[in-house]
Structure formats: C-alpha cells, structure tokens
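Colleague: sequence and predicted model, in that order:
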Amino acid sequence: MEILFVVLQLGTLALILALLYRPLGEYMARIYTSKKHLAVERGFYRLIGVDSATEQTWQAYMRGVLWFSGIGVVVLYLLQRFQAVLPYSLGLPAVPEGLSFNTAASFVTNTNWQSYSPELTLGYTVQMAGLAVQNFVSAAVGIAVAIALVRGIARSRAATIGNFWVDLTRGTLRLLLPISVLSALVLLAGGVIQNFNGFTEITTLSGGAQTLPGGPVASQEAIKNLGTNGGGFFNVNASHPFENPTAWTSLLQIVLMLMIPFSLPRTFGRLVGDDRQGYAILAVMATFYMASALILTSLERAGIGTAPELAGGALEGKEQRFGIFASTLFGATSTLTSTGAVNSMHDSYTALGGMIPMLNMMLGEIAPGGVGSGLYGLLILAIIAVFVAGLLVGRTPEYLGKKIGPTQITLASLYILVMPILVLTGTALSFAIPGIRDDVESTSIWNPGNHGLSEVLYAFTSASNNNGSAFAGLTANTPWLNTALGLAVLFGRFIPIVFVLALAGSFAIQDKVPVTAGTMPTHRPLFAGLLVGVTLIVTALTFFPVLTLGPLAEGLL
Amino acid sequence: MTTITTAPPARSETSHPDTPRKTSDAFGAAALGEALPGAFRKLDPRRMWRNPVMFIVEVGAVLTTVIAIAEPFLGGPDASGGSTIPASFTWGIAIWLWLTVLFANLAESVAEGRGKAQADSLRRTRTSTIAHRVTTYDETADPSAAEAEISDLSSAELGLGDVVVITAGELVPGDGDIVWGIASIDESAITGESAPVVRESGGDRSAVTGGTRVLSDRIVVRITSKPGETFVDRMITLVEGASRQKTPNEIALHVLLASLSIIFVVVTLTINPIASSVGAEASVPVLVALLVCLIPTTIGALLSAIGIAGMDRLVQHNVLAMSGRAVEAAGDVTTLLLDKTGTITYGNRQASAFVRLAGVDEQSLIRAAALSSRADPTPEGTSIVDLATRQGIQVGELTTGEVVPFTAQTRMSGLDQPDGTRIRKGAGSAVIAWIEQETRVDDSVRADLDEQIDRISRSGGTPLVVAVLSPGGDGRILGVVHLKDVVKDGLKERFAELRSMGIRTMMITGDNPRTAQAIAAEAGVDGYLAEATPEDKMELIKKEQAGGKLVAMTGDGTNDAPALAQADVGVAMNTGTSAAKEAGNMVDLDSDPTKLIDIVAIGKQLLITRGALTTFSIANDIAKYFAIIPAMFAGVFPGLTVLNIMGLHSPASAVLSAIIFNAIVIIALIPLALRGVKYRPLSASAVLSRNLLVYGLGGVIAPFIGIKLIDVVVSLIPGF
C-alpha cells in the first residue's frame, strides 16, 4: 500500500509540474522580454527615478542588485531593532543586534535561516512589512539574475543584459504576487490560519493552560514556498498545523516550492531559442530530485533501531498526519529548492537519512534549486561540464554558441569556489578557535560527537547555500553562529551573483558561433548524463571527507 | 583554350596525421636518458610556480621530506585517524611525491627533446656566411647588379633592405626576395626535401630563405628580415618550444585546474579542525597524500607536454605554426577555403570522352584526335593519346607528318599528314573558321556541334573540336574531345568526412561560375567562389567570420597576403612570397595545399588529447577517495571500513598505494600525451560518446584496479 501511495503522490506531483512547465515557463519568458509596462509599474519607475527604457551593462545591473539588497538589509535590521515602538508588535521587545543582523541578512538573501522562534520574537509589522516583503523581492532578485545570465547567453555583440529594476518589478508584480494571492486563498481554504488575533489563551481538555499564537499565516505561507524562502511563521515551520494542516496542503506547498524552479528551464529554452536546451537542464534537475527523494525515503523506511523497526520506519520527528513519504518528499523538496521549510525535523532522521538533505544542499542548490539561483547555478556547472568534455570533440569548448575562454572559465571557477570554502572554513573555524569551540560545544550542540559535527556542518551548508533549512538540535542564537552564519549567507549569495552577472556580460558581448555537426550537442541525454556526473563528482570530492566524519561515521556501524 | 595551367603539381597525396612521415622514436630509452637532466633542472621552484598543480605537489614533497627526516628524533610517525603508521611510511610518501614531480618534468623534457634535434640541425644552417652586398644598387639601370659596387660582410651584419648578390654554390645569407634572376636552390636544410627548387624574380616564387644553398645561376636578392629574426631563427625557437606561449584554451584549463586545487587545499586544511571535534585527526603526511591524490596531477603534469607535442606533430608534417593559438584555432575551423587548382583537381585538364557528331564513325574521330595529339607534349595532348589507347586505338610511332603547334593566334594544334590530309583540334570557333576557309559547314552539323559544345561546357568541361580537311579541300568536323578538370581521388570522401565533423569546404577558382559549379558538384564541396579575385576571397572570409565561423585557407601569392592575415588559420606555402609567409600564421614547407585538412585534424587531436587527460584525471579521483578516506578515519570509526570497497590491506598501504598509482599513471600516459589521442573524423556526438566512454568511464575504473594491484605489492613491505 505504501508503495502505491508513493507512486501516486510522486505521479500527481510530476503531472502537476509537467502541466505547469510550458505555460508557466513561457509566461515567465514573456514577462522578461515584453516591451510593455503596466501603469502601476510605470508609476513605480517614476517614483524611484528609473528609466525603464534603458538597459544596463552588467556592472550597472550588479550595482542595482547590490544597492537594492544592501538597503534591504539595513531596513530589515532597523525594523527589528525598533520593533518595540512599531504598531502590531504584540508587545514584543526589540530584537537583539546579532539576531537582527542574522535575520536581516538571511531574509534579504532568500535564505530565511531563523535563529529564533518567530512567534515569540517578531510582531506582525516586522513579519509583514519586513520579512514578507523580502520574501517577495529576494525571490525576484534571484530570478532577475538568472534571466540576466540567460540574456547574456542569448545575445550577441550586446553591451547590456537588461534592466534590473524592470526585471525586479515585473518578477514581483507579474509573477510572484498573483500566484501568491491565489495560492494563499487555496491554503486558507485548506485550513491555514489568517488573522491578527495575537495570542489566544485556551484551556486544554486536560485542564491545562495553553497560549495559541495567531497571525497572518496563509499570506506568508504562499510566498514562503513560492519564492523558495522557507522562513516560517512558526518555529516548527510547516510541521505546525496552523501552517500546514493536512497532507494535501503539504503537497500544495511542495508544488509551490517546485513550480518556478522547475519551469525556469522552459524560460531558458525560450530565451535562447532552443526548447531542447531547456529539457536537458530540466532532465538533470529532475534526475537529482527523483533520486534524492527516493533515496531519502528508503533510508527512512529502513531505519535501524528498536523504535523504527517496530514502527516500520523512522518516525521520530515526523508528523503523524504526514507519515514518512510526505515528510521525506517535503524534506527533499525544501533542501533541493533552497527553501529550507520543514514539515519534519531533519535532525531526527536516521544518520544516513540526515545526510541526504545535507547532500541536497551541497549540490549547490541546483536540482531544481532556488528561484533563479537554481537555474544559474546549474548553468555554471553546465559551463564547467562543457569545458571539460567539449575538448573531447576536438573544438575549443562552447556552450550555446558562446566560447568558454579564460574569462568565462575563471568566473565559473570562482563561482564554484565560493560555497565549499564558506561551508568548510565556517565549520572548521567553529572547532579550530578554542574560545569559539567551547561556546559551540557547550551552548550550541545538543548532541556531541559525530551528530553534533553534522549539526554544525548542516548549519553552514544551509547558510552558504542560502537554503535556511535547520537541522534542529543546534542553538544558533549565539554571537558566533549569528555572525558567522549571517556572513555566510551574505557571501554565499552575493559573491556568486557578481560572478554570474560578470559572466552574463562576457557572454553578451561575444559573437555567437554557429552550430555545425562539429559542435558538441548540449541537448542530448549524453550531455545531461555528463552534467549529472560532473555535478556529483564536484560535490562528492569536496564534501566526502566531512561527510565521513559526520553522518557516515555515525550511520555506518 | 588549350593553354596549360602552370599550377604546382600536387606533390604528396593526402597524408594522415596519424602517420607522420618522419617517424621519431621519442619515447625510447635514449630519449628518456637525455630528458632526465632537464627534468631535474625543472625542479627549481621558480619554474614550478608556473604550474600551480605541480607546485603544490613539490611543496608537499618538501614538507613530507622534512617530516621524514625529523620523525626518528620525535619518536616515530604520529598515528593518523586512530591507525598506527609504519616507520617507513613517511619516507615512502616523500619519495613518491618527488617522483611525481619528476615524472611531470620528464614529460615536458621529453616533449621538448623531440624538437631539440631539429633545432640543432637548423642551427647549423645559421652559421654566418659571407654576404656580397651591393652598395650602389640601381634597380632600373642595372637590375642584375653586374656593374655595381659590391662589398663583402658577414651575414650577421646584414640589415633590412640590403641587396646582395648570390652565385652558384653559395649559401643564401638571409631571408629575402629575388629582385633579379632565376636559380635552382637546395632547401633541404629547412624542408628536408632533397630535390632542388626553382626560384625566380617577380611572381609568387621569389622568396629565398637564409641558410639554403644556391645550386645554379646568379641572383640578386633584397633582404627582408632583420638579423636574428630570420625564418630559421623563428623555426628554431618554435621547434624548441622555448618561447612557447600558453594558448587561450590552455590558460582556461590552467584556471580550472588551479580552482580545483584551491578547493582541495581548503578541503585538506579544514579536515583536521573538523575531525578534532570527533577525535579523528590525520597526520600531516596522510593529509599531504590526500591533497596530492585529489588535485588533478595527471593533467597538470602532462598539460604542457601535450601542447609541445601538438606543435611537434605539425613540424613532423613539415608545417610550422607561428603560434600555438593557430594550432588551437585549426581545431575550431568551420570553413576551409581550398584553391581548386592543385588542391581539389590535379591542375591539368584531361580527356575524358570522345563525342562524335552524327554520321561520324567513332573510330575515325578517336584516330584523328589521337593523331593530332601524338606530338603534343602538353598534359592535355598526352591524356588524349592515353584515352585513345585505352579505347583500343593505337596510333603508333609510324605516323609521320608535320606537327602544327598551338599558337595563341590560331588557337589550334594538329598534324599535316604527308598525303595532304590536315587534322586540327582546338576551340570550336577557331576550328569552324578554319574549315570555312575551304568549305561551308552544314547547318545541321553546326547545330549538332553547338549542342555538344554547350553540353560539355555546362558540365564544367572544356570542349576541344576535332576536324579533318582532306587534300581535296573536303572539310569535316568529326566530333569533340571532352576535357575535364580531374578531381583528385578520395577527395569527395574526405570532404564528406569533414562535413560530418561540421567543417564546410569552399572551392576557390578563377573559372567561370558554370565550370566552377560542375567541378564543385563533382568534388563534393559545399560551396564555391568562381572568378575569384583576391578581393572576393577577402570578402568571403569576412562574411564567414561575421557569422562567427572560423576560416582556414592556404595561399602563396603576395595578393593572398591580406586574406591570409584575415583568416583564422592562414597557411602560407613555403614556395610563396615573403609577404604571404609573413601574413599567414603557418608555413607549409612542402607547399602542399591539401595539407590544410591534416592541419585541422592535428588541431582537433591536440584539443581532444587535452580533454581526454583532463577527464581521465578528474575521474581518477573517485577511486582515490575510496582508497584514502576510509583509511584516514577507519581507526576511530571502524564502521567506515565498508567504504574500503577495494579491500586494501591497511590504512598505511592504502594511502601509499594511491600515491604510487598517482605517480605511475603520469609515466604511463606520457606516450599518449606525446602521440595524441587517435582522432577519427566523426560527428561531435559520436566522438563525445566514444571519448567519454574511454576516458571518463575508463578513468573511473582504471584506478580501482591499479590501486588494488599496487596495494598487493605494498602490503608485502614489512610494517604495512
């Protein structure tokens, strides 16, 4: 029966995504290529003083991204620091400095790492005017950067790669907002709460007293998943019945997380004028996704130990209303999409099962990855794959008619370097500096040994990949982790973006090499397989040693 | 119409890059012995620094050596990851790391050694000679410098623009163009070809090269090179690889390899802090071993050898590339511009059929045509006799009569037989005019003839009309000989191969569009440029390049120079002018235009070899990880031994075996790096799947077997 359930649920998911692939992908392609501006957009451009008709060089585009995000961090930081004087704050005090910085950095970078319990820390104003706004715009920034890269590839002898402000506005207004409103209503119908009730005191059946937090949850929940943000209204995120009441709202949330990242390859195919290229990218994403979800599920089902064996699987940390598969599917989805939402506690997974969400993130968030960031991440890996294998056909490498020369490979390599360096040095520093080590081991880690190591590794992997997923079992609200993880999310987001945009610029200016029989085809299964292989090898080689010390040493007995 | 085209006869048939004419046994024991001192010299860190991957290995070697020396005083090697380490382990690692570096240097030295021999023989031609400089040269009054004042000086003192006189038996003192005279010259010192060549002033064969010897006659030469920058000087630096610049693709590959190395350095440096949290720190020699196994040492070690060997393969084909960039570009070429004459066709029109007119006996046509050509020495004439013979008509030696040679006025040639019968062959209009001097040509015959002439012309052939005039003044047109440009054998297949590789061939010809089209169709080229002027050629190149294509062409004349410079790969013929040689980025010493195809194959082979070894190198890492990682931590976490899928003997033997494999694979691959991966002209898809299978999958599997075998041997060492 359970196999049937797995097949049906996966089948439903695949069907929904397949039905969305073309219309949504093509709609996005139209959004970012249309020449027309909506009245409200024109008003907004006038307001911020942007000439929407002029395109930007990659440097100008990058400055736009960095300024916009920089201001976002400052505003979000100040909102938290001045929470006490803001309306609808439920009487909550100002958020401490370190936590404010961490939260601001985390939401602006589409990470949504939460070192705190939201319902006990943030009032409605910060949640809605601060976090929710960033949920929209940080997602729009990610898509904009991906579109800029695709434009660079599609163009030839062009000095510009689009207008950041136009891309940002259109992504928010034409894509994220309408789908969010619609899906919020559906979630509401599914039982997700939406109110401004503050805290409600109730008496439980057994006569105990309980405080139930209320709030505008459904509206947050929609964009939290759609924008692959992941920051929940409640501390336990989508395990909370107010956020995610039933199995089908859980599936809907999975669809929301996947729909944009999985449809962007279509947009990519459209913009470069070859739909087959989009299918190749989609195939790579889907391969990893399926493999990860199935491996994680089987590891959890085969949990070792008395309790799992009696229960027929590892159920610790999983909600009864979801069971194993709805939990692992959600876990795989949220770690593969850089969302970071959870409907079960990954820390409680089996040792090897817990390694899968970690590996999902270590892949670099490309299967399908965060909105936009998944596409550009995978395109960077495609460039590396083309570079190595392209030589095998006896031509200097080219991807989609663009030569991969020293400039391009330098930028792609630098992109690849950032994430592993952040993850590994962050984790290493947590144990290498004596003062910090004491703090990490005494305050943060709840389970010493291999599992504790996994918790720290998970935190840095999640932050550097802008996922935001938490392993649980780690107290991250400490000066070291707030600062280090805050920096990791910022570096992990914006340093790669700079390289992506530089790459977009270097491609745009190039001429296009015509396709001949001597060109390495990049739309065939062979190339998709190669890309899977390159991604796996790069990830495995980088993280194999630390994984052996963490989950592998714990799980292989 | 029957003028002979004076195109250079194709000297060699299309040769394949896998079968170089000069076989060089560069990987023999002798070559290794010669390369060894060079390999040691290259250990200098200031030189190693240029190859970051191998520099890391050298630093690791120094570090482990220091530790190996210090260990006995510190109470033996530290335990690593909970496993005890035998006393000889650190020395083992240190020695094999040094060997790894040495092997890499050896690869480069061997590659360089191949060019050294050639450079030495070239250097001998550079010995200074006495030049006779004309001090007062007057081009118009005394072009032969017979009366001019001459002063002798050493060839090393010759400057640009000096005019020298060279007589038979003397060495040419420097590169230059002949301004007066004609001479046969022995160029064997440079081309290896012993047959002398003729060089003369004016035209496209006026260039002489310093160091070659004038065999006959006397020439006046204007020097076109500065001392120290002659063609031979450039050749020497090229074949030695001394001034080899990294090509763009090589730079890009270095960047990628360096980035991978940085990641692995970070991986290695962070292991111990992270492992300390679970008490599983590894010792420094083990970490160094891990790092060296992970960084792409195989390709890092062989990268420069591959580049040098690629240039060398061209040299073996008697082609000199002025830059490595050009060799790389050759692999990328998408359009080949080939001259028709001498490249696609043999350059001479040949009789292919006798077409009789209505009412004419075929035998008499063939007989007449053969008779008229018997004394005709031109290739066309000979081919007519040959064709007649093949069709069973022997004209024999008996025929007598007076030979009427071809002149530009009559545009006919033929034979006046003793009995008064006159036979003529030639252009249609000329022959008709000749007959009509005596008798009228019947309208129906005329219509028939016109039709035949038209048909042959349309098919790209040249019609040669044959007619007889009897002593009685009875004229008769017998028929037409169909002369055609004969396309070289095997070219059609070759062009089809090129097409499957994604390369278009364009034929360049001075012929009219009709003829060009017919020959283009027969040769199977993808396009043609008829009635081509140098400007048209230039235009065509620019048009192709504007679409992002890369163009290769050959040329020899001064008027080819701009196009040669514009083309991405411009191969100048050695027989060509200095201007052409200066403009191109390659010079073909054999002056064989067909070689362009080989050059493309060599370029592709170079890139494939680079890609194959990179893929192999990275794929190797998987097995090395499975050897080293379980070994590193299995002492503390025994559960990790399930990852020891090769069943290696002990942690120490596993690590040492991986390092030994890593070093040995470099030596094992040197021949492949030098020889190049075998290149087959197939479509990109087919080449990719084949090479991925061999070097990707092979690269994953080979080290599992290799490391296991080495481990079996290492486990015999006491203590391991």
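Modeller: Arrived safely, thanks for sending. Numbering: from 1, shown residues only, chains lettered A, B, ... in the order given.
Colleague: which strand or helix spans A:Gly468?
Modeller: Under the criterion DSSP states H and E, no helix or strand holds A:Gly468.
Colleague: that one: neighbour count?
Modeller: Using other Cβ atoms under 10 Å in any protein chain shown, A:Gly468 is surrounded by 32 other residues. Yep, even glycine has a C-beta here, placed from its N, CA and C like the rest.
Colleague: pretty sure it contacts A:Gly340?
Modeller: Yes: using Cβ atoms under 8 Å, A:Gly468 makes contact with A:Gly340 at a distance of 3.1 Å.
Colleague: what touches both of the two?
Modeller: Here A:Gly468 and A:Gly340 have A:Thr111, A:Asn112, A:Trp113, A:Asn229, A:Gly230, A:Gly231, A:Ser462 as joint contacts, going by Cβ atoms under 8 Å, 6 or more residues apart in numbering or on different chains.
Colleague: could you look up the SS state of the first one?
Modeller: By that I understand A:Thr111. coil (DSSP: H, G, I helix; E, B strand; the rest coil).
Colleague: spatially central residue in chain A, please.
Modeller: Residue closest to the average C-alpha location in chain A (Cα atoms, centre = their mean): A:Ser338, at 1.9 Å.
Colleague: C-terminal to the longest helix along chain B, what's the next element?
Modeller: Taking DSSP state H as the criterion, chain B has its longest helix at helix B:595-633. Sequence-wise, the next helix or strand downstream of helix B:595-633 (DSSP H and E) is helix B:651-675.
Colleague: quick one: list the elements packing against that next one.
Modeller: When contacts are defined as 3 or more Cβ pairs under 8 Å, 6 or more residues apart in numbering or on different chains; DSSP states H and E, helix B:651-675 sits against helix B:89-125, helix B:284-294, helix B:297-316, helix B:595-633, helix B:698-714.
Colleague: which bits of the stretch 251-400 of chain A sit near chain B?
Modeller: A:Ile384, A:Phe387, A:Val388, A:Ala389, A:Gly390, A:Leu391, A:Leu392, A:Val393, A:Gly394, A:Arg395, A:Thr396, A:Pro397 (Cβ under 8 Å from any Cβ of the partner chain).
Colleague: run through the residues that contact the one residue in the stretch 151-300 of chain A that gets nearest to chain B.
Modeller: Residue nearest to chain B within the stretch 151-300 of chain A: A:Ser156 (7.8 Å; Cβ to the nearest Cβ). Residues near A:Ser156 by Cβ under 8 Å, 6+ apart: A:Gly401, A:Ala508, A:Gln510, A:Asp511, A:Lys512, B:Gly548.
Colleague: which of the residues you listed sits closest to B:Gly524?
Modeller: Among the contacts of A:Ser156, B:Gly548 lies closest to B:Gly524 (Cβ to Cβ), at 24.6 Å.
Colleague: quick check: pLDDT value at the closest one.
Modeller: With respect to pLDDT, B:Gly548 scores 80.
Colleague: isn't it right up against A:Gly401?
Modeller: Yes: if you go by Cβ under 8 Å, B:Gly548 and A:Gly401 touch, sitting 7.1 Å apart.
Colleague: any residues in contact with both of the two?
Modeller: In contact with both B:Gly548 and A:Gly401: A:Ser156, A:Lys512, A:Val513, A:Pro514, using Cβ under 8 Å, 6+ apart.
Colleague: which ones are touching the third one?
Modeller: Read that as A:Val513. A:Glu398, A:Gly401, A:Lys402, A:Lys403, A:Thr519, B:Thr334, B:Gly548, B:Lys549.
Colleague: distance of the second one from A:Ala389?
Modeller: Okay, so that is A:Gly401. A:Gly401 sits 17 Å away from A:Ala389, going by Cβ to Cβ, to the nearest Å.
Colleague: these two: who's more crowded?
Modeller: Between A:Gly401 and A:Ala389, A:Ala389 has the larger neighbour count (other Cβ under 10 Å), namely 26 against 20.
Colleague: enumerate every residue touching the more buried one.
Modeller: Shown here is A:Ala389, whose contacts under the criterion Cβ under 8 Å, 6+ apart are A:Pro397, A:Met520, A:Phe527, A:Leu530, B:Gly611, B:Thr615, B:Leu688, B:Leu692.
Colleague: what helix or strand is it located in?
Modeller: Using DSSP H and E, A:Ala389 sits in helix A:373-390.
Colleague: next structured bit after that helix?
Modeller: Downstream of helix A:373-390, the next assigned helix or strand under DSSP H and E is strand A:398-399.
Colleague: mind giving me the packing neighbours of that next one?
Modeller: In terms of contacts (3+ Cβ pairs under 8 Å, 6+ apart), strand A:398-399 is packed against helix A:373-390.
Colleague: would you mind naming what in the stretch 401-550 of chain B lies close to chain A?
Modeller: Within reach of chain A by Cβ under 8 Å from any Cβ, the stretch 401-550 of chain B has these residues: B:Arg499, B:Ser500, B:Met501, B:Gly502, B:Ile503, B:Arg504, B:Gly547, B:Gly548, B:Lys549.
Colleague: now the first one, what's its secondary structure?
Modeller: It refers to B:Arg499. helix.
Colleague: buried residues in whichever strand or helix holds A:Thr249?
Modeller: Counting by DSSP H and E, the element that carries A:Thr249 is helix A:247-271. Of all the residues in helix A:247-271, those buried under the rule 16 or more other Cβ atoms under 10 Å in any protein chain shown are A:247, A:249-271.
Colleague: you'd agree B:Asp511 is in a helix?
Modeller: No: B:Asp511 is assigned coil when assessed by three-state DSSP, not a helix.
Colleague: just the strands in the stretch 151-300 of chain A please.
Modeller: Using DSSP state E, counting those that start in this stretch, the strands of the stretch 151-300 of chain A run over residues A:199-203, A:209-213.
Colleague: which elements pack onto the first one?
Modeller: This points to strand A:199-203. Helices and strands touching strand A:199-203, by 3+ Cβ pairs under 8 Å, 6+ apart, are strand A:209-213.
Colleague: buried set for the strand it packs on?
Modeller: Residues A:Pro213 are the ones in strand A:209-213 that count as buried (16+ other Cβ under 10 Å).
Colleague: paired strands for that strand, with orientation please.
Modeller: Note on strand A:209-213: by DSSP bridges, its sheet partners are strand A:199-203 (antiparallel).
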